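Undergrad: Following is a predicted model, sequence given first.
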Amino acid sequence: MGRLLLIDALSAVALLTAWYFLFTRYNRRKAATAMKWVETACSGNGRIVDAHWLGTCRLQARLRFVAQWFDNARVTVRLRPRPIPLQWLFSIWRKQKETLTFEADLGLAPSFHLEVFRHQWVTHKQIGVRKPRNWAVSRPGPVILTTRTQWTQELTPVVNTLMTSRGHSLVAVRFRPESPHLAATVDLETLADEQAAAGFLGMLRDLAAGASASKQ
């Protein structure tokens, strides 16, 4: 009996070890592909100068851009903790998404603090309705819910950029006077190719231009 238990324990250890290395390799390949799309999308205007792993599910890289783009730029890819089964299942249960976050300083530091989070509410069911009714359905444009008591004019260029179709793929955006001035997070699934990565970088430049316009 003791020998059988030992064999089972060794088998479990071997299985977990194989799982760990297999999915660590999977995460590394997935993150490296995302970084490749970002660097290729720079079209010679920027390149990755350093990259290192923070654990098994986070890859961070520094980017160097040409003048008038971004300063002190870095990209962080956050993946699900696949190498550790329990943590992976917990992340799936919590519906955690894999993301890519871009952080950088701008030529002119923003004079305002702004954090924007994107949410969507979609329903196709009539909850709590017993009898059919003739509903009048309207499709409004984007709606802004803000905690600000006063809306300053300097926020308008940035918010207008976020309201366009190019800004709809962002999960979160943050502006602040301190470094890093700009932080933008996107769902990693949206960066499926070079074209999508180029659109993301173009959107970042639009946001930076909007922040600079607010100081003029």
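TA: Yep, it's here.
Undergrad: all helices of the protein, in order?
TA: 2-41, 85-93, 156-163, 194-213 (DSSP state H).
Undergrad: Rebuild those helices as JSON lines, extending it with mean pLDDT.
TA: Formatted as JSON lines, the helices of the chain follow (pLDDT from 0 to 100):
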{"stretch": "helix 2-41", "mean pLDDT": "83"}
{"stretch": "helix 85-93", "mean pLDDT": "89"}
{"stretch": "helix 156-163", "mean pLDDT": "74"}
{"stretch": "helix 194-213", "mean pLDDT": "81"}
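Undergrad: would CSV of those helices with distance to residue 185 and mean neighbour count be doable?
TA: Every C-beta, even on glycine, is put in place using the N, C-alpha and C of the backbone. Shown next, in CSV, are the helices of the chain (distance: least, Cβ to Cβ, whole Å; neighbours: other Cβ atoms under 10 Å):
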stretch, distance to residue 185, mean neighbour count
helix 2-41, 13, 14
helix 85-93, 16, 13
helix 156-163, 13, 18
helix 194-213, 11, 18
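Undergrad: So for residue 147, which of those sits nearest?
TA: Residue 147 sits nearest to helix 156-163 of all these, at 14.0 Å, using Cβ to Cβ.
Undergrad: doesn't residue 204 make contact with residue 182?
TA: Yes. Between residue 182 and residue 204 there is a contact under Cβ atoms under 8 Å: 7.2 Å.
Undergrad: which residues are in contact with both of the two?
TA: 70, 102, 104 (Cβ atoms under 8 Å, 6 or more residues apart in numbering).
Undergrad: Out of those residues, which sit inside strands?
TA: 102, 104 (DSSP state E).
Undergrad: of the shared contacts of residue 182 and residue 204, closest to residue 159?
TA: For the shared contacts of residue 182 and residue 204, the nearest to residue 159 is residue 102 (18.8 Å; Cβ to Cβ).
Undergrad: beta partners for that closest one?
TA: With DSSP bridges as the criterion, residue 102 is bridged to residue 75, residue 184.
Undergrad: Can you give me the neighbour number for it?
TA: Applying other Cβ atoms under 10 Å, we find 23 residues neighbouring residue 102.
Undergrad: picking up where we left off before, mind putting the shared contacts of residue 182 and residue 204 into CSV with distance to residue 176 and pLDDT?
TA: Listed next are the shared contacts of residue 182 and residue 204 as CSV, based on distance: Cβ to Cβ, whole Å; pLDDT from 0 to 100:
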residue, distance to residue 176, pLDDT
70, 15, 86
102, 15, 93
104, 12, 92
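Undergrad: measure residue 171 to residue 15 for me?
TA: For residue 171, the distance to residue 15 equals 35 Å [Cβ to Cβ, to the nearest Å].
Undergrad: what do you get for residue 87?
TA: Computed as Cβ to Cβ, the residue 87 to residue 15 distance reads 17 Å.
Undergrad: same deal with residue 86?
TA: Residue 86 is 14 Å from residue 15, by Cβ to Cβ.
Undergrad: try residue 164
TA: 49 Å.
Undergrad: same check, this time on residue 179
TA: 45 Å.
Undergrad: same question, residue 57
TA: Going from residue 57 to residue 15 by Cβ to Cβ gives 20 Å.
Undergrad: same question, residue 172
TA: Residue 172 is 38 Å from residue 15, by Cβ to Cβ.
Undergrad: Many thanks, I have nothing further to ask.
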